[in-house]
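Enquirer: Sequence plus the predicted model coming up.
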Amino acid sequence: MKSAAVILLLILAVAVMETSGATGMAGSATRMCLRKMTDYANAICEGRKFVEHVDELIVAACETHVDINDFMAHICPEA
C-alpha cells in the first residue's frame with residue numbers, strides 16, 4: 001500500500017511539473033529519474049515498509065544526484 005502511495009505521489013509530481021512549464025530535456029530527465037528511483041526503492045525494500053516521506057527522498061535524490069548508496073541507506077528502515 002505504501003509503495004502504491006509513493007508511485008501515486010510521484011505521478012502527481014510529474015503531472016505538476018509538466019503543467020508548470022518544466023518540460024524539455026531537463027523535465028524528461030527528471031521524470032525518468034523519478035520512475036527509476038521509485039522502481040529502485042521498491043526493489044531495495046523488498047516489501048518492507050518505507051521510511052516516512054520516502055517520496056521527498058526520491059525527489060531530492062533526483063534533484064541533487066545523490067549517491068545511490070546514501071539513497072539506499074535512507075529509504076528503508078532496515079536497509
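Expert: That came through fine. In this text, all values refer to a predicted model and were calculated from it rather than measured experimentally.
Enquirer: Longest helix in the protein, by number of residues?
Expert: Ranked by residue count, the top helix of the chain under DSSP state H comes out as helix 24-45.
Enquirer: which other helices and strands contact that one?
Expert: Helices and strands touching helix 24-45, by 3 or more CB pairs under 8 Å, 6 or more residues apart in numbering; DSSP states H and E, are helix 2-19, helix 54-64, helix 68-75. For glycine as for every other residue, the C-beta is placed from the backbone atoms N, C-alpha and C.
Enquirer: now it against helix 54-64, angle please.
Expert: Angle of helix 24-45 versus helix 54-64, following axes from the mean of the first three to the mean of the last three CA atoms, to 10 degrees, is 130 degrees.
Enquirer: Just the mean pLDDT for helix 24-45, thanks.
Expert: Helix 24-45 carries an average pLDDT of 78.
Enquirer: same deal with stretch 63-70?
Expert: In the prediction, stretch 63-70 has an average pLDDT of 80.
Enquirer: Quick one: end-to-end distance for that stretch.
Expert: Start-to-end span of stretch 63-70 (CA to CA, to the nearest Å) is 14 Å.
Enquirer: on that earlier part again, would you single out the least confident of the helices and strands packed on helix 24-45?
Expert: Of all these, the minimum mean pLDDT falls on helix 2-19 (a mean of 61).
Enquirer: Many thanks, have a good one.
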